[in-house]
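Chemist: Give the three-dimensional model of this entry:
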Amino acid sequence: MPSGPATSPAFVSVIIPAYNEGGHIGRLLAHLQRICGPDEAVEILVADGGSVDGTVAEAAAHGARVVPCPRRGRAAQLNHGAAHARGAILYFLHADTLPPATLLPDLRAAVATGAAAGCYRLRFDEAHWFLAANAWFTRFNFNGIRYGDQSLFVQRPVFGRAGGYREQMQLLEDQEIVGRLRRHGPFRVLTGYVVTSARRYRRNGIYRLQGVFALLTGLYWLGVSQPRLVQLYKRLVRG
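Modeler: Below you'll find the model as predicted:
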């Protein structure tokens, strides 16, 4: 019995905000090329916030479409990248985070089975017990442990209805948007893992930096203003 017409796979737009990621972003883009293979229903966009190093040239050399952003700031860059993307599924990814080889089937299957948005679990590229313990909790599906390093996928209409990222936010914009996305459908934590760089932990000290992040998150939930949080971040975090 003849089968019906094949259904085209959902188009995925991978959107990477970047600022002065020269020497780093090429590794991610080469990884994405390997795991996406010849799939024609995927595009990779680098939303550049005015880098003054080799980020733009490095991204273009690895086949990414570079989208210059009028404003620097992760939320603004992510929104600008989304506005230029073609995908039915938007996948927001940090420049120092590697998604699993199953990325495209994971995202398409999640959306096909009803997920409006979601993320992966987290692992670090540093074999330290404290970071491993910290990352272990990312398997649980509640907002207090949602980190931007986990990456984020969302159906385009849901992203639009939620209003995108809040561009006035310079910190914790990833955590904030998840609460709004949940109002528009199921949010799913996938069983796979992304691997993110621990370079900032190595630079600042693992326990010290985690303490700073806990402090900033607590102050955010207590209603401390973004300018004050940014001021504290710049004072306490190196690089």
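Chemist: Which positions within whichever strand in the chain runs longest qualify as buried?
Modeler: Longest strand in the chain by number of residues (criterion: DSSP state E): strand 187-196. Within strand 187-196, the residues that qualify as buried by neighbour count (16 or more other Cβ atoms under 10 Å) are F187, R188, V189, L190, Y193, V194, V195, T196. Every residue, glycine included, has its C-beta placed from N, CA and C.
Chemist: One more: stretch 86-106?
Modeler: Judged by neighbour count using 16+ other Cβ under 10 Å, the buried positions of stretch 86-106 are 87-100, 103-104, 106.
Chemist: what's the domain layout of the chain?
Modeler: 12-195, 198-239 (automatic domain parsing).
Chemist: for these, which one ends up most surrounded?
Modeler: Greatest average neighbour count among these goes to domain 12-195 (a mean of 18), per mean count of other Cβ atoms under 10 Å.
Chemist: where's that domain relative to the chain centroid, distance-wise?
Modeler: Between the mean C-alpha point of domain 12-195 and the mean C-alpha point of its chain there is a distance of 3 Å (Cα atoms, centre = their mean, to the nearest Å).
Chemist: Include mean pLDDT when you put the domains of the chain into TSV, please.
Modeler: Compiled in TSV, the domains of the chain are given as follows (pLDDT from 0 to 100):
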stretch	mean pLDDT
domain 12-195	95
domain 198-239	92
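Chemist: what are the ranges of the strands in this structure?
Modeler: For the chain, the strands identified by DSSP E occupy 12-18, 42-48, 65-68, 89-92, 97-98, 117-124, 152-155, 187-196, in order along the chain.
Chemist: before we move on, the earlier item: which among the buried residues of strand 187-196 gets closest to P17?
Modeler: Closest approach between the buried residues of strand 187-196 and P17, by Cβ to Cβ: T196, at 14.3 Å.
Chemist: ok, the closest one touching A95?
Modeler: No - using Cβ atoms under 8 Å, T196 and A95 do not qualify as a contacting pair, with a distance of 10.2 Å.
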